[in-house]
Each structure stands twice: as structure tokens, then as C-alpha cells.
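*Asks:* I would like the atomic coordinates for the input below:
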Amino acid sequence: MSKIIYTHTDEAPLLATYSFLPIVSAYAAKAGVDVETRDISLAGRIIAQFPERLTDEQRLSDALAELGEMAHDPSANIIKLPNISASLPQLKAAIAELQGLGYDLPDYPESVETDAEKDARERYGRVMGSAVNPVLRQGNSDRRAPASVKNYAKAHPHRMGAWSPESKTNVATMGHDDFFSNEKSVVIEADDTLRIEHVAADGTVTVLKESLPVLAGEVVDGTFLDAAALDAFLLESIERAKAEGVLFSVHLKATMMKVSDPIIFGHVVKAFFRPVFEKYGQDLAAAGLSANDGLGGIFAGLAALPNGAEIRAAFDAALADGPKMAMVNSDKGITNLHVPSDVIVDASMPAMIRIGGHMWGPDGEEADTLAVIPDSSYAGIYQTVIDDCRVNGALDPATMGSVPNVGLMAQAAEEYGSHDKTFEIAADGTVRIVSSAGDVVMEHAVHAGDVWRACQTKDAPIRDWIKLAVTRARASATPAVFWLNSRRAHDANLIGKLEQYLPEHDTEGLELHVMDPAEATAYSLERIRQGLDTISVTGNVLRDYNTDLFPILEVGTSAKMLSIVPLMNGGGLFETGAGGSAPKHVQQLVEEDYLRWDSLGEFFALAASFEHLAGNEGNARAQVLADTLDRATGTFLNEDRSPGRKLGTIDNRGSHFYLALYWAQELATQSDDAELAAAFKPLAEALAAGEQAIVDELLAVQGKPADIGGYYRPDEAKVTAVMRPSKTFNEALASL
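*Replies:* The predicted structure follows:
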């Protein structure tokens, strides 16, 4: 029997799975396809780390490790939904919830003094940040807006905020003494095991990473962010925002870049509230309240301090004295500096650009903004879009072209593989990478507090990435641009690889370019405004940025992207859009039993998964499922069955019903498999006949709180009851 692995993840995608997966399983079974699940949620990953502390009933196997092994199997077929890339506050909240449910888990150790604390810190470190994606992504990324989504967006363009030529919105970035400017890069000549060490000013050597295996042809980078220069830049940016009368905001990647960016976030908090930390910093540190966790964590802990009210008043005074702060939720007083996971650059910057270069101020009104992106590696792409919109006005979704992406990410390529090689420097000295023979591969002079990191990019993924780019450019007859900056050390080595491996492919008639990111952005925008498409061929971080930036402007969301990862060993990983996991959607469900999460990306991923199964295993019925699901999704879009945004309209559960109806109707009337058509004819008739009753049952539950039994680890029975409230629909599906 053919097999698809479906992942259980977190937040809104997890809730939606309880509604959609029963449909998928029932339909797939008729084509001889078994659908299995694996729990890679944040809570599931935490539980899997501590089997010796838990009961038999509580223990979970390490599903992520299992899927990591499976990703190397040529027969792998994995559907991966968005998951939480946990920041430290999210990790702590999940631990507390699980402890409340009776799981004997250790607290996250704020400081490490004992072996037990070191062990706990290491285990929790395995589930923080981008713990999932580097394991599963054993291939490079092919992300694009499906034709049906693009056509729908043109026919029903989403609202775009107006841009003023006088807009004062801009990006502030360091441009010196940052990761970009300090980067060094080498191509390894032979297989080796490297070592990373710190040599203090007095000659003391501290090994930071004992073993770093590398392969011949691998690109290894090292760089650092100067902490003193960062602090000076932040103070300048705060004064600039105040002088220009714009909102102050910071945009980082504190989930994926789980070591470096929370530290940088902490620097921002300390800079903005400098007088508070100068006076009360020791009190906060003694209480375990860290700027890296944001204002939310600090404010929550102040009640336990004898001078907590005094410190809170000092924060409020500093907030009033500084520039106006961009807000995540002005109604609830949640600022841009409350939680590091609320200011994820690849989501926050496109949202700002989409509404005319504005963010929300403390008064609940939109305003121009200074977007602080400390490292200058990619800040220029956003400044380029802002400059373009200031001159040419907002982009028009009804006419604009598209920017699909081919992304280098296989085997933890580039920055997203840097977590175990990122360090906050303890003392002045030198950080160096040393070969097994004792030769210094590269070194940097650093000071205490600097953030140093290394990353790796293996040769085989680079070759595969170049091949995939050529394949996509030829298949779509679209120009492809490699977003590589010859002035950046890493990119210069990738350009060398491109020159080496591109001649292996037939590129005759193809339009291929190499441009730095800002130049590539300008080129792509010029074509977008003409209604033309341009493939962006990028590294790992830019893959993430571009597959949010352009889809949010084109189709209103990145969750509707077709996201395919052709695994290098022949299997397939199918990701359900590029969006996050929508915590606000969960809050709305709990408050009023309404889930506005849109599973459209899931529909596209599922069709691609069936198609891959058909090609790999010769399962003709899987191809029928793929073709009919594609047509059903087209009807779904044309009939506008995506979830609404307010009570009284169909939500995620209603959209699943309509997809099931249209899919059953397509299967019942298709001519490729008469037996399959006959099997689905009664279901199609039952769903059509029961449409009004089903919709009424789905609408009837709205407007009151929903009990799901937990946030990070919801109760299965309770979630099932909430997400499958239509008796008529459930009975019809069971009859299949």
C-alpha cells in the first residue's frame, strides 16, 4: 500500500488538521494510499527529549528524528505543516503547560552550573528555533504561487494601502561591523574535522565546538557582529526615529536564528530602555528577567520583586520619553519589543509594505515607521521595495507578475544551520577555526559580548540547487536571477561554484543572471509592474524572506504557496505554504469558536504529494486523486469558499466541507477510473443534499468559547469535538 506521512504540528495548522485529515484519510484509502501521522509539534518534541522522566502513557518516540531518517529514503512522501520555531518564551510556556498536565519535565535552566542543568539545557536546545526544518529539508526548495491562486488574486485583488511620495518610512541597518561586513569564507579542499576555539588575550584557549565534520568542496563561513557597534547603532536609530517623528520598530528572525537574534533583540530592549537597565539591571538579572525574552517576560516577573512597581514605572516613563513605538497589538499595549517571536522580519516587513509603509502606533493609528534591521546582509531588499513604492505607488495585485523561488536549503545550508556554531563571546581575544592538522582556517579578533557564528553549505546541495534553478527556468520559460553579492565572502564562493557547475547543464535559450539582492529586487519589481514573472534563486534566509515578501504583496498571504522540496535521494517533502502557525487564530477559536485559518496551501501540497506518489510508485489512482483535487481546488477558489474573517461566515471547517464536496463531485464524474467514480458517487450526492444542514451545523457552534484542553498540547478528544461539529458531515464521510 502506498503511504503518505502527515505531520501534526502546532497552533492553527494543528487545529485545522483535526478537521481536514479525516477527509484526506477517507479519500486516500479508496486509492490504496495509507495516511500515517507523526507528531513534530513543539510539545511532542519536548516530550520526546525526556523519556526517562515520563510514564509509559506519556512517552513519545522522537518522530522528528524518524522523519529525518525517512527523508533520505527514495520512497519518502511527507506532508509538512507549519510548526512553531520556538523562541525561549514560547519554549518556557510549553514546558509550564506540560508540567501542569502532569509531565515530569525540568524547568528550563536560566543558568548552567550542574551537570543536570547542562543536560536539560542541551535537550531543550534541540527543540528551540528552527529545529524541524533543517532535519526534514534534505532537498532544495521550489516555491511558487499556483496558477489558480494567482488568477484568483487578479480577479479578486486584495486591499493594498496607498503609498505617499512623502512617506518617511525607511530601513535602518548597520552596514559595518556586522555579520555581512565581517564575513570570511573558505571552500574546503578535502574531508576533515574542524574545531572552533576562542583564544583569550592572555593565551587561554577555550574550545567552543570540538568537532565540525566537513566534506571536500564544502563552503564554510565565519563572521561576527560587533556588540559595541550594535549598541551605538541602536541608540542612533532610536534618536533618528524620534527626530523624524516616525514609529520605532525592530525586525529580526529570533525563531529561526535562535541563538544570535534573541541576543540582538535583547540589545534593542536595553538600548530603548537604557536608563531603566542602568538603574535596575542588576535587580532584573538577579530575578532571572532577561531583555532577550522581551518586555512581556520582564513585566510578568516584576510582581515578584519588592520594587517591581517602581521598575514598571521606570519602563513606562522611558517608553513615553522615547520615539513612539510600533505596536503588535495597540489595544492590549503589546509593543514591538514585548516578545521576540512577534517581530519576525519575513512576515512583519511585507505586512508593513502592504499597508502603505505603515505600522500601528500606540494610538491605534497607522504611521510611517523606521524599520531597524541591524545586520545589513539582506536589509537592502526591503529598502529597495520601499523606495520603489514611494516613487511608483503600491503594487497592483490585479496586474502584477510573480516571483517564484528556488531556494538553497538542503542539509542545513547557510545561516539556518548555524545554531550549534553561534556563540556570545565571553572575553576579548580571537575566535578561530582550526583544521585537524592544526592549521588556522580563518580567525576573527573579537571583544566580550560580540556574537560570532559559523555556518556550512555542502557542495552536493549547491549543485542540486543550480540544477533545480535551470530546470525551473526551462520549464516555465522564465528568467532566473541568482541573488548573489560578489562583495560578500560567502556569495563570492557560491558564484565560483555557479561558474563551475552551470556548464554541466543545457542553458541554451535561458535567461540567467547574477545580481546582488538589492539589484535583483529592483529588477524583479520592474518586471512585476509589467506583469512579468522572475524566478529568484536564493540562499536559505532569502528563500524565507522572498517567499513571504512577494506572495504577501501578490496574493495577500504566503500560506497559499505551492511549496515542494524534491528530496535529493528521490523522495518528496510537500510543505503547506510559507506562512507561520497563526497564534491569533487560536485565540479567536478559543474565544468564539471560529477558526479563520486557510488550508488552501494544504490542498496544493496534498495534490502534489499524490502526483509524486503516482510517479514514484505507478499508483494510477493516486494520479486521479491529484487531478480531481486540483480541479476541486479551482472550484473552491471560484466559489470563494475560503474562510471568512468574522462570525456568521464559514470558517476553516466550512471550507473543508466545501473542498470535500467539490472533490467528491470531481471523483464521481471523472472518466479515468469507473470503479473509483462509483465509490464516490453516493458521497457526492449525500454531501450535496446535506449542504444546508451541514453549513447550519457548522455555523451553530460559533459565538461562544471553545474548550480545546490546552494550547501547546490540546486534548485530542476535545479538539476533535470542536473541529468536527457537523453530525451530518461526519456520518456522510464515515459512509465512504
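
*Asks:* Can I get stretch 370-383 in CSV, CA atoms only?
*Replies:* Below are the C-alpha coordinates for stretch 370-383, written out as CSV (Å, rounded to 0.1, in the frame of the first residue of the first chain):
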residue,chain,number,x,y,z
LEU,A,370,11.7,53.3,10.9
ALA,A,371,12.3,49.6,10.4
VAL,A,372,15.5,48.6,12.3
ILE,A,373,17.2,45.6,10.7
PRO,A,374,20.7,45.6,12.3
ASP,A,375,22.6,43.2,10.0
SER,A,376,22.9,44.6,6.5
SER,A,377,23.1,41.2,4.7
TYR,A,378,19.5,41.5,3.4
ALA,A,379,18.1,44.8,4.7
GLY,A,380,18.6,46.3,1.2
ILE,A,381,15.8,44.3,-0.3
TYR,A,382,13.2,45.9,1.9
GLN,A,383,14.7,49.4,1.4
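
*Asks:* Residue 575 and residue 6: what is the separation?
*Replies:* Distance of residue 575 to residue 6, computed by CB to CB, to the nearest Å: 12 Å. No exception for glycine: its C-beta is placed from N, CA and C like everyone else's.

*Asks:* So for these two, which residue has more residues nearby?
*Replies:* residue 575 (27 against 23; other CB atoms under 10 Å).

*Asks:* what is the mean pLDDT for stretch 202-213?
*Replies:* Stretch 202-213 shows a mean pLDDT of 96.

*Asks:* And for the residue nearest the centre of the chain, nearest residue in space, chain neighbours not counted?
*Replies:* Centroid-nearest residue in the chain, with CA atoms, centre = their mean: residue 580, separated by 5.5 Å. Nearest non-adjacent residue to residue 580, counting by CB to CB, 6 or more residues apart in numbering: residue 82, 5.8 Å away.

*Asks:* now residue 473
*Replies:* In space, and not counting its chain neighbours, residue 473 is closest to residue 480: 4.0 Å by CB to CB, 6+ apart.

*Asks:* So what's the residue count around the one you found?
*Replies:* Counted with other CB under 10 Å, the neighbours of residue 480 add up to 21.

*Asks:* For it, give the beta-bridge partners.
*Replies:* Here residue 480 sits in beta bridges with residue 512, residue 535, as judged by DSSP bridges.

*Asks:* Spell out the residue ranges of the helices in the stretch 101-250 of the chain.
*Replies:* For the stretch 101-250 of the chain, the helices defined by DSSP state H, counting those that start in this stretch occupy 115-125, 133-136, 147-155, 179-182, 227-244.

*Asks:* Kindly apply the preceding question to the stretch 601-736 of the chain instead.
*Replies:* Using DSSP H, counting those that start in this stretch, helices in the stretch 601-736 of the chain cover 620-638, 652-669, 674-689, 691-700, 716-723, 727-735.

*Asks:* now swap in the stretch 401-550 of the chain and tell me
*Replies:* 459-476, 489-501, 517-528, 540-555.

*Asks:* Residue 441 and residue 194 touch, don't they?
*Replies:* Yes - assessed by CB atoms under 8 Å, residue 441 is found in contact with residue 194 at 6.4 Å.

*Asks:* list residues touching both of these two?
*Replies:* Any residue near both residue 441 and residue 194 by CB atoms under 8 Å, 6 or more residues apart in numbering counts here, and that gives 220, 433, 434, 435.

*Asks:* residues near the second one, how many?
*Replies:* Translated: residue 433. Per other CB under 10 Å, the neighbour tally for residue 433 reads 25.

*Asks:* If you count contacts, what does the helix or strand of the chain with the lowest mean pLDDT end up packed against?
*Replies:* The weakest-scoring helix or strand in the chain, judged by mean pLDDT, DSSP states H and E, is helix 133-136 (a mean of 81). Under the contact definition 3 or more CB pairs under 8 Å, 6 or more residues apart in numbering; DSSP states H and E, helix 133-136 sits against helix 63-70.

*Asks:* Could you pull out the buried residues of the helix it packs on?
*Replies:* 63, 64, 67, 68, 70 (16 or more other CB atoms under 10 Å).

*Asks:* Repeat that for stretch 86-102.
*Replies:* Applying 16+ other CB under 10 Å to stretch 86-102 flags 86, 87, 88, 89, 90, 91, 92, 93, 94, 95, 97, 98 as buried.

*Asks:* out of the residues you listed, what pair is the most spread apart?
*Replies:* Farthest pair in the buried residues of stretch 86-102 (CB to CB) is 87 and 98. Separation: 16.9 Å.

*Asks:* So for residue 664, which of the helices of the stretch 401-550 of the chain sits nearest?
*Replies:* Comparing these against residue 664 with CB to CB, the closest turns out to be helix 540-555 (26.8 Å).

*Asks:* With just CA atoms, put that closest one into CSV.
*Replies:* Extracted in CSV, the C-alpha atoms of helix 540-555 (Å, rounded to 0.1, in the frame of the first residue of the first chain):
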residue,chain,number,x,y,z
ASN,A,540,18.4,29.8,2.7
VAL,A,541,17.5,33.1,4.5
LEU,A,542,16.5,34.9,1.4
ARG,A,543,14.4,31.9,0.4
ASP,A,544,12.4,32.5,3.6
TYR,A,545,12.2,36.3,3.1
ASN,A,546,11.2,36.2,-0.6
THR,A,547,8.6,33.5,-0.2
ASP,A,548,6.8,35.8,2.3
LEU,A,549,7.5,39.2,0.7
PHE,A,550,6.4,38.6,-2.8
PRO,A,551,3.4,36.3,-2.1
ILE,A,552,2.0,38.7,0.6
LEU,A,553,2.1,41.5,-2.0
GLU,A,554,0.9,39.4,-4.9
VAL,A,555,-1.9,37.2,-3.3
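
*Asks:* How far away from the center of its chain is the helix or strand following it?
*Replies:* Heading C-terminal from helix 540-555, the first helix or strand you meet, by DSSP states H and E, is strand 562-566. A distance of 14 Å separates the centroid of the chain from that of strand 562-566, by CA atoms, centre = their mean, to the nearest Å.

*Asks:* again, but for stretch 101-114
*Replies:* Its chain's C-alpha centre and that of stretch 101-114 lie 27 Å apart, by CA atoms, centre = their mean.

*Asks:* about what we covered before: just say which of the helices of the stretch 101-250 of the chain is most tucked in.
*Replies:* Of all the helices of the stretch 101-250 of the chain, helix 179-182 has the most neighbours on average by mean count of other CB atoms under 10 Å, namely a mean of 22.

*Asks:* Convert that helix to CSV, retaining C-alpha atoms only.
*Replies:* Provided in CSV are the C-alpha atoms of helix 179-182 (Å, rounded to 0.1, in the frame of the first residue of the first chain):
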residue,chain,number,x,y,z
PHE,A,179,27.7,39.8,10.0
PHE,A,180,27.8,41.0,6.4
SER,A,181,30.9,43.1,6.7
ASN,A,182,32.9,40.7,8.9
